[in-house]
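Peer 1: Sequence unavailable; structure follows:
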């Protein structure tokens, strides 16, 4: 069981470029969550997806950010036209039942915008 | 208001010491969990503890849901315990919160040899 896999681990982008962050949930898990951790802060919820559906995107900025979880393949968090304020660690978590029990986080992607 | 509040914000210990970390949470938060974020940034799920007490080696946790707090105990601390400890809970009652966690600001623990 490989756990929740995120890649890349580190991503450097220039201002204005696009960032694509990938998350493969644990085997059998169909519930995926994305969180953002700004420097020296706790994690903040961004979006909750199930296969092919966005269930709750209340924590995601309205512009430049989008997320998907296609029928096949990993979940993708996409940030268009990145700005310095997007620099953060982005964590993905998955669960089997959509509840808090058995919640497992990936190792995160650290995005640096230069 | 603040839904999940942790104390202390920072804690420095000598190896071998014991410590207690506290998490207060509001009425709208339930299904408490404790996480450890190690110095490399990795998040490890320590306890899922909506109520009662659990123990795992040198760590144990107690949640008193009726009084809206949870405690994480670390005994005989080691340098590898260093990092940030987060508590987090689900917002909303029953099954309405979809596993969406609200995190506290964390306690930064430093254990010196």
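Peer 2: Right, received. Where do you want to start? Since we're looking at a predicted model, the values are computed, not measured. Residues are numbered from 1 along each chain as shown, chains lettered A, B, ... in the order given.
Peer 1: Give me the residue ranges of chain B where confidence is low.
Peer 2: Along chain B, segments meeting pLDDT under 70 span B:1-2, B:92-98.
Peer 1: Would you mind listing what in it touches chain A?
Peer 2: Proximity of chain B to chain A is assessed by C-beta under 8 Å from any C-beta of the partner chain, with B:31, B:33, B:35, B:41-43, B:45, B:48, B:50, B:86, B:88-90, B:95, B:98-106 identified as the residues in range. In short, each C-beta sits where N, CA and C put it, glycine included.
Peer 1: Report the buried residues of stretch A:15-30.
Peer 2: Buried positions in stretch A:15-30, judged by neighbour count with 16 or more other C-beta atoms under 10 Å in any protein chain shown: A:19, A:21-26, A:29-30.
Peer 1: Show me the subset of these that also lies near chain B.
Peer 2: Residues of the buried residues of stretch A:15-30 in contact with chain B (C-beta under 8 Å from any C-beta): none.
Peer 1: now, which of these sits nearest residue A:101?
Peer 2: Distances from residue A:101 to the buried residues of stretch A:15-30, taken as C-beta to C-beta, are shortest for residue A:29 (12.3 Å).
Peer 1: Read off the pLDDT value for the closest one.
Peer 2: Residue A:29 is assigned 88 on the pLDDT scale.
Peer 1: what about it, distance to residue A:63?
Peer 2: 29 Å (C-beta to C-beta, to the nearest Å).
Peer 1: same deal with residue B:75?
Peer 2: For residue B:75, the distance to residue A:63 (C-beta to C-beta) stands at 48 Å.
Peer 1: Please identify which helix or strand holds residue A:67.
Peer 2: Residue A:67 is part of strand A:65-68 when elements are defined by DSSP states H and E.
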